[in-house]
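> curious how this folds, go ahead:
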Amino acid sequence: MTQDKRARLRRMQRLNLALLAVNLIVLILSVQFESTWPWLRWTQAFAEASAIGAIADWYAVVALFRRPLGLPIPHTAIIPRNQRNIGDSLGGFVTRYLLTPDTIVGKLEGLDVPRQMADWLALPANAAIVADSLTSFLPALLRAPEDEDLRRLFRVNLLPKLLELDAARLIGRSMEVLLDAGLHRVLLDRALLAMDGWLLGNEELVREKFAQASKYTPAFVDQYIVRKFLDGVRTLLHEVAGDGEHPLRESLAVALRDWARELEQLPAQREAAQAWLRSALESFFGDSDLRRLRDTLAARAEADLARPDSQLRHYTGTLLAALAAGVARDPVILQRLNAAWLKFARRLAARHGGQIAALISEVVRGWDAQEVSDRIEIEIGRDLQFIRINGALVGGIVGVLLYAGTRLIG
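Numbers count the residues shown, from 1 in each chain. Below you'll find the predicted structure:
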């Protein structure tokens, strides 16, 4: 593309040079034969003014990019000499008029980006492309903890910083948040339900364990004791589950708050929490059971993705398409996504517009001065050559008019 533009520019320059040569030849011939054919004075006036206009416009165009004929004439080679100012002005112009928050948000408002993205992703073919890209990273992601470079990065840079965290404080504050939100009640209800189901399904196991521990009591006694014990426990579980104000619920909440407070106040509790944090972080990379689990999952994912009818890829694409179609049909969700997207764009433009201007200025200042001049000349030089042609034509017409005026006055 650049070579084509350069070739077109060279053709226009040669055309202008040829027109100037024709003007000068016509001027010489007009002067030479004016005495024989007086009407050639009109041709002389046109050729003379046209040549002057062409030369003046040539000088003006060349002075933008370089020194005419290499002469150190003041106020020439304007672009190379003002490269720094051009970069600063260009960066300032972009910041003031193009990258303003109002300009960007106003342009993005008409695009409705969330709807366009949802409509695009709702098409099964497009969802399949995205699903293929997403699922292809899954095996590598599962095996990432086994990568020695990542392990070294974790041990050297991340692990020391993570171990500086106050584990006791984090756990204690998290427990307080859970209690204040009342989530402990939900967890307790689910735990009571799970415990009741386990006791109901494992009565025989409890009876066997009780019989093993009590070898000298008859079997019917063991059965009676175990049945009464399980009935009592399950009755208590039902009472707690059915009564939102049961004393055991309040006792549990008090115990949890006391434990959260002790975590932050008692040295032994703080040390235990810190030891747990260290063990959890180190086991993430070192635990053999987790490693086997990750390897198994990664192998299964690779085997599935290697098949043309990959279930993982198919379900991921189906899920994405269904989600996108649902978003596209929901005006409330689209409105919220648009508001969030435009808010983000406004904040981004306000925060980083100045940095983009600085980047533009630095890039332009970093270019070679002659290279900048050549690039600009290639882009707009052909149009400037038309200015030279127009200058020659207008100059010639003005020359004829001035000659006619002087003759009229004379």
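
> for the helix ranked longest in the chain, packing partners?
Using DSSP state H, we find that the single longest helix of the chain is helix 369-409. Applying 3 or more Cβ pairs under 8 Å, 6 or more residues apart in numbering; DSSP states H and E, we find helix 369-409 packed against helix 2-33, helix 40-65, helix 78-81, helix 83-93. In short, each C-beta sits where N, CA and C put it, glycine included.

> out of these, which gets nearest to residue 148?
When the helices and strands packed on helix 369-409 are compared by Cβ to Cβ, helix 83-93 sits nearest residue 148, at 44.4 Å.

> what's the next secondary structure element after that closest one?
helix 101-109 (DSSP states H and E).

> and that following helix, C-alpha only, in CSV?
What follows is helix 101-109 as a C-alpha-only set of coordinates in CSV (Å, rounded to 0.1, in the frame of the first residue of the first chain):
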residue,chain,number,x,y,z
PRO,A,101,-15.8,10.8,28.2
ASP,A,102,-18.9,12.5,26.6
THR,A,103,-17.7,11.8,23.1
ILE,A,104,-16.9,8.2,23.7
VAL,A,105,-20.0,7.5,25.7
GLY,A,106,-22.2,9.3,23.1
LYS,A,107,-20.7,7.1,20.4
LEU,A,108,-21.1,3.9,22.4
GLU,A,109,-24.7,4.6,23.3
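
> all numbers from here: first residue = 85
Sounds good: first residue 85 from here, last item helix 185-193.

> can you tell me the average pLDDT over stretch 354-366?
Mean pLDDT, computed over stretch 354-366, is 83.

> again with stretch 89-103
80.

> so residue 110 touches residue 131, yeah?
Yes - when contacts are counted by Cβ atoms under 8 Å, residue 110 is listed as touching residue 131 (4.1 Å).

> which one of those two is surrounded by more residues?
Each of residue 110 and residue 131 has its neighbours counted (other Cβ atoms under 10 Å); residue 131 has more, 26 against 19.

> show me what contacts the more buried one?
107, 108, 110, 111, 114, 480 (Cβ atoms under 8 Å, 6 or more residues apart in numbering).

> repeat the analysis, applying 10 Å as the threshold.
Residue 131 makes contact with 106-115, 124, 476, 479-480, 483-484, according to Cβ atoms under 10 Å, 6 or more residues apart in numbering.

> ok, and the most crowded of the residues you listed?
Neighbour max across the contacts of residue 131 (other Cβ under 10 Å) = residue 476, 26 neighbours.

> could you find the closest non-adjacent residue to that one?
Spatially, and ignoring its direct neighbours in sequence, residue 476 is nearest to residue 138 (3.9 Å; Cβ to Cβ, 6 or more residues apart in numbering).

> do the same with residue 128
Nearest non-adjacent residue to residue 128, counting by Cβ to Cβ, 6+ apart: residue 114, 3.6 Å away.

> any idea how far the one you found is from residue 120?
11 Å (Cβ to Cβ, to the nearest Å).

> ok, residue 321 next?
Taken as Cβ to Cβ, the span from residue 321 to residue 120 is 129 Å.

> out of the two, which sits in the busier spot?
residue 321 (18 against 7).

> hmm, that one is touching residue 283, no?
Yes - contact criterion Cβ atoms under 10 Å: residue 321 and residue 283 qualify, at 7.9 Å.

> re earlier: shared neighbours, residue 110 and residue 131?
124, 480.

> so, low pLDDT: which residues of the stretch 285-434 of the chain?
Across the stretch 285-434 of the chain, the ranges flagged by pLDDT under 70 are 299-300, 368-371.

> contacts only, for the residue nearest to residue 128.
So residue 114 contacts 121, 123, 124, 125, 126, 127, 128, 129, 130, 131, 132 (Cβ under 10 Å, 6+ apart).

> if you set the cut-off to 7 Å instead, what comes out?
124, 127, 128, 131 (Cβ atoms under 7 Å, 6 or more residues apart in numbering).

> where does residue 393 fall, secondary structure wise?
Using DSSP H and E, residue 393 falls outside every helix and strand.

> for residue 482, see how far away it is.
According to Cβ to Cβ, residue 393 and residue 482 sit 79 Å apart.

> ok, residue 352 next?
101 Å.

> more neighbours, those two?
When neighbours are counted by other Cβ under 10 Å, residue 482 comes out ahead of the other of residue 352 and residue 482, with 16 against 8.

> next, the buried residues of stretch 280-291.
Using 16 or more other Cβ atoms under 10 Å as the test for burial, stretch 280-291 gives 280, 283, 290, 291.

> tabulate those (TSV), appending distance to residue 206.
Listed next are the buried residues of stretch 280-291 as TSV, based on distance: Cβ to Cβ, whole Å:
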residue	distance to residue 206
280	45
283	49
290	54
291	58
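
> wait, which of those residues is closest to residue 220?
residue 280 (45.1 Å).

> name the helix or strand for the closest one, please.
If you go by DSSP H and E, residue 280 is part of helix 267-285.

> now do that helix: everything it contacts.
262, 314, 317, 318, 321, 324, 325, 333, 336, 337, 340.

> recalculate using a threshold of 8 Å.
In contact with helix 267-285 (Cβ under 8 Å, 6+ apart) are residues 262, 290, 314, 317-318, 321-322, 324-325, 328, 333, 336-337, 340.

> show me which of these are buried.
262, 290, 314, 318, 321, 324, 325, 333, 336.

> and the helices in the stretch 285-434 of the chain, which stretches?
287-297, 303-326, 331-349, 351-370, 372-389, 395-413, 415-450 (DSSP state H, counting those that start in this stretch).

> could those go into CSV alongside distance to residue 273?
Output for the helices of the stretch 285-434 of the chain, formatted as CSV (distance: least, Cβ to Cβ, whole Å):
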stretch, distance to residue 273
helix 287-297, 23
helix 303-326, 6
helix 331-349, 10
helix 351-370, 27
helix 372-389, 30
helix 395-413, 30
helix 415-450, 31
